[in-house]
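Trainee: sequence unavailable; structure follows:
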């Protein structure tokens, strides 16, 4: 929960920075380049801690940090190879939460950044 609050805070800061930037399109790309990895690392860390606290949360003995990042990226990209799967109800809820947030980030998140670009361009029509 603390990580999600931090993600919302970072995202809010990034949106405001895009709206104030002299080149909002470039600033939005920078913001996405900072926010997306933070989102992925947040879930990778959550999966790692979940696996360490109860190894039966996943079908492998205990996820390494690399396994956790790999699993997070496969869920994010919707590839889901199936070599690592959530086996407990807790882990499945975490994965389902990531899937829902993936959709929100891809849809709503991108729309927010595009809207911030539009607002910035309206405020400074000749800067870009």
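Mentor: Okay, I see it. All values derive from a computational prediction rather than experimental measurement.
Trainee: just give me the longest helix of this protein.
Mentor: As assigned by DSSP state H, the longest helix anywhere in the chain is helix 24-53.
Trainee: residue ranges with poor pLDDT in the protein?
Mentor: 126-128 (pLDDT under 70).
Trainee: ok, residue 114 - contacts?
Mentor: By CB atoms under 8 Å, 6 or more residues apart in numbering, the contact list for residue 114 reads residue 28. The C-beta positions use only the backbone N, C-alpha and C, and glycine is treated the same way.
Trainee: same check on residue 56?
Mentor: Neighbour list for residue 56: 87-88 [criterion: CB under 8 Å, 6+ apart].
Trainee: could you pull up phi and psi at it?
Mentor: When read as degrees, to the nearest 10, the backbone of residue 56 gives phi -80, psi 10.
Trainee: any idea how far residue 5 is from it?
Mentor: According to CB to CB, to the nearest Å, residue 56 and residue 5 sit 29 Å apart.
Trainee: cool, residue 96 as well?
Mentor: Distance of residue 96 to residue 5, computed by CB to CB: 20 Å.
Trainee: right, I'll call it a day here.
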